[in-house]
Each structure stands twice: as structure tokens, then as C-alpha cells.
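In: I'd like to go over a predicted model; first the sequence, then the structure.
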Amino acid sequence: MPIDLRRARPARPALLPTTCGVLFAVFVALAAAVWWEWAPLIDLDQRVADAAHEAVVGSATLTDVLLWVADWLGPWALRIVLLIVAVYALARRSYRIAVWIGLSIAVQYAAVYGLKRLIERPRPTFDDPIQVLDTFSFPSGHATAGATFSTIMVIVTLLVVRRGGLRSLLSVLWIACGVLVGLDRIFLGVHYLSDVVAGWALGTAIALFLWWLFTRTAYAVEEPTHPAVAGTGRRQVGVVLNPVKVGDPEAFRTKVRDAAARHGWAEPRFFETTVEDPGASQAVEALEGEADLIIVAGGDGTVREACGELARTGIGVGVIPLGTGNLLARNLSLPLHTGDAIDNAFVGQDRAIDIVRLSIDGSEDSTTFLVMAGLGFDAAIMTGTNEDLKKRVGWLAYVVSGVKQLFRFPRTRVQISIDDGPFVRRRALTVVVGNVGFLQGGLPLLPDAQIDDGEIDVVAIAPPHKFAFLSVGLRLFARRKRTDERLDRMTGRTVTLRTDRPTPMQLDGDPIGDHTELRATVEPGVLLVRVPR
């Protein structure tokens, strides 16, 4: 699934071009001062260079550290990392991001190459130099590459990391990396202070300016050209809100109220979920209030509970993804940025999607899911995930749990029946019944699954031993459609799974305990979800 570019949208549209203008102005001012050998700057550069050299030249350990940084955080090392990120973007079909990264690298390299030969500033000289280079000094190629690297990595982090704490930590790390690369050049005695500052300004400006050029149209939110709900004339909206998933519930309510007023809707009514009642009764209350649109704000679990009641009502559902996985939103290409998701709820178009009716252990009672149900290893991951860790680092907590469970959880004897046909026996690590195809990170677990095709897709992952799980994972990433006993995919309208002993199961990422039978039946096109026009 393509990465939603709007997650890195600045609060003020003019912020990016203004910042680029300031950075370019700083660079031009420094370049002019160096070109005309402005005495105050030249004197400052020399004093800083002398002080840095004196601090380092007597320490073999510090010298080794500086040389190590120069080798391992050099321009080509940073460019290789960026190219890997570009390949990741291509795998996510985010071609705009991949081209932006590649062009930023090329422009930064060409700019430094040309400017060095235009200005021809000699490098600092010392009687006992740490490192001697015979190329020109202004601007610093390392500092420019480091700034471009930091800028790109911060923006990519904003796009793909949802959790604020982890996002902030990674952003600080990338910025520190760029700063370290520049300072390293000063203390090695191969660049003046102005060379490095100019490189920082130039590298940041190039990456930001190209980002602004590439994403101006992606930030546009289409305004409605006709009423969001035709025929009722009332335009009432109800909001099912999981307050635990919102940092500031009142600020969130204000955003929804402002958007409702902006798009011509009445004052929203809010219905907050609780631990005991995670969304179903709130959706019923919203329906009883004769809402023309119901917005569900929360994680996949909240969305599942609410949408189970909203199916077959003909009422459009706007989804505000506030969870860790947000798989429904990702598979429908819904905005992940909260403000954009709110706008989409009011101005988007309705898309009819399937839901899946589920019964457990032969019970007459049933529930529904929208994304995936599973048994075995994947459910054990959900059960074993540390909730405190998940709050801090988001979906990475699932990775930690997965590594632990991979070497603990045994394979399970499973019988699988499609459309009440003969049972197929598998000794599987995990079996997933899916209404959508992609997991976090764009992993194509069920690449042919469509949320509106009237069918359920099943995959049984049965590596002969734990280390064979790696080869199965590579097949998933490669989107290979070949099936065998290690990776068996099936499709039908009804799926029954049976195990020989109670096995962990999950619905849309929420553990539901250990059971021995799961029966899933698709209900085609019964839920209307607001998607971008």
C-alpha cells in the first residue's frame, strides 16, 4: 500500500517554502562572504579551526573516533542507506517518495561538486594535520550529505511511524547523525565552520524544496461539490470515540466540530467507548439519534465493534484510524493523518465492503470482523504483546513478541474446510482468515484478497521447522503466488478451521482466548465506508 504523504503535512502550508527560502539565503550569504573573503567570517573560521585542532591533536583515541565517523558516516554510506529507503518506498508503491529520495541525492551531489569548483576555497592547513585532503573546502560535502540524509529520514519517519515517542526519538537520532557528520569535519581539521554550516543549510534546503515540489498536490483535500448525504436534508453526524486512543479528547472533538461546520454538517454528537463496552452500543445510540453519517475514531478493535452494528444500515461510516495497526485504513488507502481522515469522513465517497460473520466452537452466538482472524502463532503474538511497550513504540512491540513466540509456540494440527467441502489437514504454525490482503509494512500476506470481492481468503503457514519460517517470509515479500504445504492459500465464501486442542485465536488484532473451532462466512457489500474520492 502506498505511504500516505499527508502525515508529514506542515500545520501551515507556507512553512516549507519559507523555510527553504531562509536556508537558501543563509547558504548564499555564507558563499558570498567566503567568495569576497569577508574578514569577520574568515577570522571566526580560523579561530574555530585552531581551537578544534588543539582539542584533538594530542588524543589518539579521539582521533580514531573522528576517523571512524568519517569512514562509516561518509556521504556514500549515507546515500546507500537512503537508496535502501527508496527501494522500500518502491516496494510500497510510493513512487513519489522514491523519486524524491533519488533526485535529492543527485542534486545534492551535483551542487557540491559544482560549487567546490566554482568557489575553490582551500582547506585548513596545520603543521601537524590529522588528515590531509587535496580537494576544495566550500561547501562541506559530508555536511551537505548529512543534512540531506537527516532531512529525508525525519520526513520518512513522520510518514511511517505513528507513535509519537518513537517518532520523536528516531527524528532526534537522524538529526544528531547529520550534526555529528558536520562537527566531525571541523575537528578533523578538513573544513572550516562556515563550510559545514553552509553544507547543513544547502543539504536541508535541497531535500525540503524537492519534497515541497513533489507533494504540493498530495496535500490537497478535495472539498465537496455536492451534499455529503443526499436526500435526508438533516446531515446529522454521530461520532463513536475511543478516548484512550486520543491524546487530548477535547482537542479532537474541536477538530471534528470545526470540520463539520466547514463542510455544512450539524453539531456532532459524541459517544465514548469504555473497556466494558468498546463500541457496539455507542454505534446503536448513534443510529437511534438518526445520524446520516457515523464517524468511528479508534483502533481496529473499536472499528470492528462499531461496524458490526452499522452493517446493513445504509449509513456511511467514516473511519479515523487511531490504533497501532490500522489495517482497515491501510488496506482501503484511508488517510492516516487525523485531520485528513476527519475531512475524508465528511467529503469522501461511500464504498460498499464485505464483513465476515464469525462463530466460535459451534456457538450460535456470532461476531464480525473486517480485517483478519487467525489462530496459532499470530494470535500468540497478539496475546504476548506488552501493552506498555506497545504504547511507547507502536507496532514494533509486535515484532518483539513475535521473536519470543517464534521459538516458543509449537505447530498446531489444523483441519481446513472451504465452502463446507472436505477438510484438508495441515500442521501449521498459523492460519489466517482474511478480508484484506496486507499487514503492517505492506506485507502481502494474502495478495489476492479484496475487501469487496464477496470471498474470504485463507493462508496456512506451515514451515517444517522454525528456521524455514525465513524462507516463507521471503516468499510473502516477493508476492509469489505458488502454493504448497509450507504456504497454502485458499479462497471461498465460508471457511471452517478446527484444531485438535485449544489454540490462541484473534480477531482484527484482539486476542479472544483459546478455542478449537472457528467458522467464518462472508457477508458481501453490507457496510458503507467513506473512502477518498
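Out: Ah, there it is.
In: Could you look up the SS state of Thr274?
Out: In three-state terms, and counting by DSSP: H, G, I helix; E, B strand; the rest coil, Thr274 is coil.
In: contacting residues around it?
Out: Contacts for Thr274 (Cβ atoms under 8 Å, 6 or more residues apart in numbering) come out as none. Every residue, glycine included, has its C-beta placed from N, CA and C.
In: Tell me, what's the model's pLDDT at it?
Out: pLDDT, Thr274: 90.
In: Please apply the same query to Glu222.
Out: Glu222 is given a pLDDT of 40.
In: Likewise for the one 4 residues further on?
Out: Here the pLDDT value assigned to His226 is 40.
In: and what of Thr63?
Out: We have a pLDDT of 89 for Thr63.
In: Contacts for the helix or strand hosting it, please.
Out: Using DSSP states H and E, Thr63 sits in helix 60-72. Identification of contacts with helix 60-72 by Cβ under 8 Å, 6+ apart yields 55-57, 77, 130-131, 142, 180-181, 184-185, 187-188.
In: Thr254: which of those is nearest?
Out: Leu180 (40.5 Å; Cβ to Cβ).
In: hang on, the earlier thing: can you pick the most crowded of the contacts of helix 60-72?
Out: Counting neighbours by other Cβ atoms under 10 Å, Val181 leads the contacts of helix 60-72 with 29 neighbours.
In: The nearest residue to that residue once chain neighbours are set aside: neighbour count?
Out: Closest residue to Val181 apart from its sequence neighbours, by Cβ to Cβ, 6 or more residues apart in numbering: Gly146 at 3.4 Å. Counted by other Cβ under 10 Å, the residues lying close to Gly146 total 31.
In: Gly146: what secondary structure?
Out: helix.
In: Isn't it up against Arg185?
Out: No: using Cβ atoms under 8 Å, Gly146 and Arg185 do not qualify as a contacting pair, with a distance of 9.1 Å.
In: and the longest strand along the chain, how far from the chain's centre?
Out: Longest strand of the chain, by residue count under DSSP state E: strand 510-531. With Cα atoms, centre = their mean, to the nearest Å as the basis, strand 510-531 stands 25 Å off its chain's centre.
In: what comes up buried for that strand?
Out: 510-512, 515-522, 525-531 (16 or more other Cβ atoms under 10 Å).
In: tell me the average confidence for stretch 92-103?
Out: Rounded mean pLDDT across stretch 92-103 is 90.
In: Need the residues that contact that stretch.
Out: 1-3, 5, 82-83, 85-87, 89-90, 152, 156, 159, 210-211, 214-215, 218, 442.
In: for stretch 184-194, same thing?
Out: For stretch 184-194, using Cβ under 8 Å, 6+ apart, the contacting residues are 30, 33-34, 41, 44-46, 48-49, 52-53, 55-56, 62, 66-67, 69-70, 73, 121, 123-124, 126, 129-131, 133, 137-138, 140, 142-143, 195-196.
In: how about a cut-off of 6 Å?
Out: 30, 41, 45, 48-49, 52-53, 56, 66, 69-70, 123-124, 126, 129-131, 133, 137, 140, 142, 196 (Cβ atoms under 6 Å, 6 or more residues apart in numbering).
In: could you give me the average pLDDT of it?
Out: For stretch 184-194, mean pLDDT rounds to 93.
In: Output that stretch in PDB with nothing but the alpha carbons.
Out: The C-alpha coordinates for stretch 184-194 follow below in PDB (Å, rounded to 0.1, in the frame of the first residue of the first chain):
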ATOM      1  CA  ASP A 184      33.500  15.600  12.700                       C
ATOM      2  CA  ARG A 185      34.800  17.500   9.700                       C
ATOM      3  CA  ILE A 186      35.700  20.600  11.800                       C
ATOM      4  CA  PHE A 187      37.500  18.600  14.500                       C
ATOM      5  CA  LEU A 188      39.400  16.600  11.800                       C
ATOM      6  CA  GLY A 189      40.700  19.900  10.500                       C
ATOM      7  CA  VAL A 190      39.500  19.400   7.000                       C
ATOM      8  CA  HIS A 191      36.700  22.100   6.900                       C
ATOM      9  CA  TYR A 192      36.000  25.500   8.400                       C
ATOM     10  CA  LEU A 193      32.900  26.200  10.400                       C
ATOM     11  CA  SER A 194      31.300  28.200   7.500                       C
END
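In: For that stretch, what is the distance to the chain centroid?
Out: 36 Å.
In: re the thing from before, list the neighbouring strands of the longest strand of the chain plus their orientation.
Out: In the sheet, strand 510-531 lines up against strand 316-321 (parallel), strand 349-360 (antiparallel), strand 494-507 (antiparallel) (DSSP bridges).
In: Just send those strands back as a markdown table, with mean neighbour count, mean pLDDT and distance to Met372 too.
Out: Putting those into a markdown table (neighbours: other Cβ atoms under 10 Å; pLDDT from 0 to 100; distance: least, Cβ to Cβ, whole Å) gives the following:
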| stretch | mean neighbour count | mean pLDDT | distance to Met372 |
| --- | --- | --- | --- |
| strand 316-321 | 27 | 94 | 16 |
| strand 349-360 | 19 | 93 | 9 |
| strand 494-507 | 21 | 92 | 8 |
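In: Tabulate those strands in a markdown table, adding columns for distance to Ala176.
Out: What follows is the strands paired with strand 510-531, written out as a markdown table (distance: least, Cβ to Cβ, whole Å):
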| stretch | distance to Ala176 |
| --- | --- |
| strand 316-321 | 30 |
| strand 349-360 | 43 |
| strand 494-507 | 38 |
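In: So for Trp265, which of those sits nearest?
Out: strand 316-321 (10.9 Å).
In: if we can go back for a sec, looking at it, the residue nearest to Val181 is touching Gly178, isn't it?
Out: Yes: using Cβ atoms under 6 Å, Gly146 is in contact with Gly178, at 3.9 Å.
In: quick one, what contacts Leu445?
Out: Leu439.
In: Against Val160, how distant is it?
Out: According to Cβ to Cβ, to the nearest Å, Leu445 and Val160 sit 19 Å apart.
In: Same question for Ala329.
Out: From Ala329 across to Val160, the span is 14 Å (Cβ to Cβ).
In: When those two are compared, which one has more neighbours?
Out: Ala329 (26 against 23).
In: Spit out the contact partners of the more buried one.
Out: Val319, Pro321.
In: And Glu387, by the same measure?
Out: Per Cβ under 6 Å, 6+ apart, neighbours of Glu387: none.
In: nearest spatial neighbour of the residue nearest to the spatial centre of the chain, skipping sequence neighbours?
Out: In the chain, the residue lying closest to the centroid (Cα atoms, centre = their mean) is Val160, at 2.2 Å. Once flanking residues are discounted, Val160 sits nearest to Ile3: 6.2 Å by Cβ to Cβ, 6+ apart.
In: Look up which helix or strand the one you found falls in, please.
Out: Using DSSP H and E, Ile3 falls within no helix or strand.
In: Relative to His337, how far out is it?
Out: 11 Å.
In: Show me what the helix or strand where Val433 lies is in contact with.
Out: In this structure, Val433 sits in strand 430-434 according to DSSP H and E. Contact partners of strand 430-434, identified using Cβ under 6 Å, 6+ apart, comprise 372-378, 414, 446, 449, 456-461, 495, 497, 520.
In: could you redo the last one with a cut-off of 7 Å?
Out: When contacts are defined by Cβ atoms under 7 Å, 6 or more residues apart in numbering, strand 430-434 is touched by residues 372-378, 414, 416, 445-446, 449, 456-461, 495, 497, 520.
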